[in-house]
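1. Quick one: sequence and predicted model below, then my questions.
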Amino acid sequence: MLSIKNLHANIEGKEILRGINLEVKAGEVHAIMGPNGSGKSTLASVLAGREEYEVTEGSVEFLGKDLLELAPEDRAREGVFLAFQYPVEIPGVSTTNFLKSAVNQVREYKGLPPLDAVSFLSMMKERMKLVEIDQSLLSRSLNEGFSGGEKKRNEIFQMAMLEPKLALLDETDSGLDIDALRIVSQGVNKLKNKDNAVVVVTHYQRLLEYIVPDYVHVLYKGRIVKSGTKELALELEEKGYDWIKEEVGEVL
Ligand code: ADP
Ligand code: MG
Ligand code: MG
């Protein structure tokens, strides 16, 4: 599904990603961990096509297409979804209207007719249950004045509506209390199937007790320096990152 090869990216002339290699297949869950400032959010942003980042080397293939050639909105239409660490607020646009437009753009891209109002509402009602989101939030301006937890739930709700093939969740767990964490994770798990894939960026092993990864990768100084299974996350929780820094010290 996703094939990242030797990806290098800069921001403001500073090299942040220094040769990322990652293969994600349909049906898989990958977790990306690593110390602060390693480039995790940068990787997510580059995949989503945020224009502050300049790709200087390497390639990203998504379902056979050159992802880096696509405009951000086309990446979304192709089925890439990014839940940001800090969801944006859009004053004056309700979540409902935002989603109606987003869902219909994806449908148009797939050659499907737009959903009529009744079908759209019934889809909303059904998916709202997944994340136990309050209906009143959906008529308010997108994310404006939402609590941290409400924003994160709303991100997963958007994901439920858009049914992406590849979901990138950047620290969706940070700032969530234990109940919200469970609900957000359950939402992700219900949406997971053999045809889609999830990449979660997290600092905490805790999230991975709910969203169980097939693979865990450690990003450090712009490279994936270690990969393993979910036991690696447990080891990191227990021992921190210093041993990894020592292990890869000479390589970097
Ligand atoms: P992580 O998500 O792993 O904590 P980030 O990808 O957010 O790391 O950041 C990686 C590095 O890139 C950090 O050194 C950070 O200061 C730098 N960086 C990120 N965004 C910007 C920016 N807009 N301008 C300058 N430097 C940035
Ligand atoms: Mg960070
Ligand atoms: Mg980050």
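-> Arrived safely, thanks for sending. Numbering: from 1, shown residues only. Ligands and ions are numbered 1, 2, ... in the order given.
2. Which parts of the stretch 151-252 of the chain are strands?
-> Listed from the start of the chain, the stretch 151-252 of the chain has strands (DSSP state E, counting those that start in this stretch) covering 166-170, 197-201, 215-220, 223-228.
3. In TSV: these, plus mean pLDDT.
-> As requested, these are exported to TSV (pLDDT from 0 to 100):
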stretch	mean pLDDT
strand 166-170	91
strand 197-201	94
strand 215-220	96
strand 223-228	96
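4. Tyr53: how many residues sit nearby?
-> When counting by other Cβ atoms under 10 Å, one arrives at 19 neighbours for Tyr53. For every residue, glycine as well, the C-beta is placed using N, CA and C.
5. is it in a bridge, and if so with what?
-> Following DSSP bridges, Tyr53 is listed with bridge partners Ile11.
6. my read: it touches Asn10, true?
-> Yes - counting by Cβ atoms under 8 Å, Tyr53 sits close enough to Asn10 to count as a contact (7.1 Å).
7. Other residues contacting the helix or strand hosting Met124?
-> Secondary structure assignment for Met124, by DSSP states H and E: helix 117-131. With contact meaning Cβ atoms under 8 Å, 6 or more residues apart in numbering, helix 117-131 is reached by 96, 99-100, 103, 115, 135, 138, 153-154, 156-157, 160-161, 183-184, 186-187, 190-191.
8. Would you point out which residue of the chain is nearest ligand 3?
-> Of all residues in the chain, the one sitting closest to ligand 3 is Ser41 (3.1 Å; Cβ to the ion).
9. what's the spacing between that residue and Tyr53?
-> Spatial separation of Ser41 from Tyr53 under the definition Cβ to Cβ, to the nearest Å is 10 Å.
10. Next: Asp116.
-> 39 Å.
11. do Leu234 as well
-> Look at Leu234 and Tyr53: by Cβ to Cβ, they are 32 Å apart.
12. low-confidence ranges in this structure?
-> Flagging of the chain using pLDDT under 70 yields the residue ranges 84-88, 250-252.
13. what are the ranges of the helices in it?
-> Remark: helices of the chain, listed N- to C-terminal, are 40-48, 72-78, 95-109, 117-131, 135-138, 148-162, 178-191, 205-210, 230-239, 242-248; assignment by DSSP state H.
14. Would you reformat those helices as CSV and include mean neighbour count?
-> As requested, the helices of the chain are arranged in CSV below (neighbours: other Cβ atoms under 10 Å):
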stretch, mean neighbour count
helix 40-48, 22
helix 72-78, 17
helix 95-109, 17
helix 117-131, 15
helix 135-138, 14
helix 148-162, 22
helix 178-191, 18
helix 205-210, 18
helix 230-239, 15
helix 242-248, 13
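15. and the ones you listed as TSV, adding distance to ligand 1?
-> Shown next, in TSV, are the helices of the chain (distance: least, Cβ to the nearest ligand atom, whole Å):
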stretch	distance to ligand 1
helix 40-48	3
helix 72-78	16
helix 95-109	25
helix 117-131	24
helix 135-138	27
helix 148-162	16
helix 178-191	19
helix 205-210	15
helix 230-239	14
helix 242-248	14
